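Structure, please.
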Amino acid sequence: MAEISISNHARGQIRDQGISEAMVLEIISSPEQTIRQSPEKIIYQSINYFEEDKRNFLGRVFVNIIEQPNLVITVYRTSKIDKYYWKDED
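This is a model prediction of the structure:
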């Protein structure tokens, strides 16, 4: 995994969304899916179970890959998994 830095905004989102920094790093290192949003940004995402809510959420981590070290721009979780998570095509 490339070296990662976390922006102040993303740190606030981590805190506000109840996502651990360890989960953010796990999503980046082993994403279920990646989406290239632009030449400099990649979205890493994985479905995670949140014990406190007793349900799955999709964790989405937006990373600027041009910055060195790579910069986590924002992080959030959503219950709208079907909106952002695609299924494998047969």
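
and residue 26, which of the three is it?
Recorded secondary structure, residue 26: helix (DSSP: H, G, I helix; E, B strand; the rest coil).

I'd assumed residue 24 was in contact with residue 6.
Yes. Using C-beta atoms under 8 Å, residue 6 is in contact with residue 24, at 7.3 Å. (Each C-beta comes from the backbone N, C-alpha and C, glycine too.)

what do these two both touch?
Overlap between the contact sets of residue 6 and residue 24, as judged by C-beta atoms under 8 Å, 6 or more residues apart in numbering, is given by 14, 72.

quick one, which of the two is more surrounded?
When neighbours are counted by other C-beta atoms under 10 Å, residue 24 comes out ahead of the other of residue 6 and residue 24, with 23 against 20.

mind listing what the more buried one touches?
When contacts are taken as C-beta under 8 Å, 6+ apart, residue 24 is in contact with 6, 10, 14, 59, 61, 72, 75.

One more pass at 7 Å, please.
Going by C-beta atoms under 7 Å, 6 or more residues apart in numbering, residue 24 touches 14, 61, 72, 75.

surely the first one meets residue 21?
Yes. In this structure, residue 14 is within contact of residue 21 by C-beta atoms under 7 Å, at 5.9 Å.

List the neighbouring strands of the helix or strand residue 36 falls within plus their orientation.
Counting by DSSP states H and E, the element that carries residue 36 is strand 33-38. Using DSSP bridges, the neighbouring strands of strand 33-38 in the sheet come out as strand 41-50 (antiparallel).

Kindly check the end-to-end length of stretch 77-85 for me.
Across its full length, stretch 77-85 reaches 12 Å between end residues, using C-alpha to C-alpha, to the nearest Å.

Check stretch 43-58 too.
Taking C-alpha to C-alpha, the span from the opening residue of stretch 43-58 to its closing residue is 12 Å.

Buried residues in it, which are they?
Using 16 or more other C-beta atoms under 10 Å as the test for burial, stretch 43-58 gives 43-46, 48, 50, 57-58.
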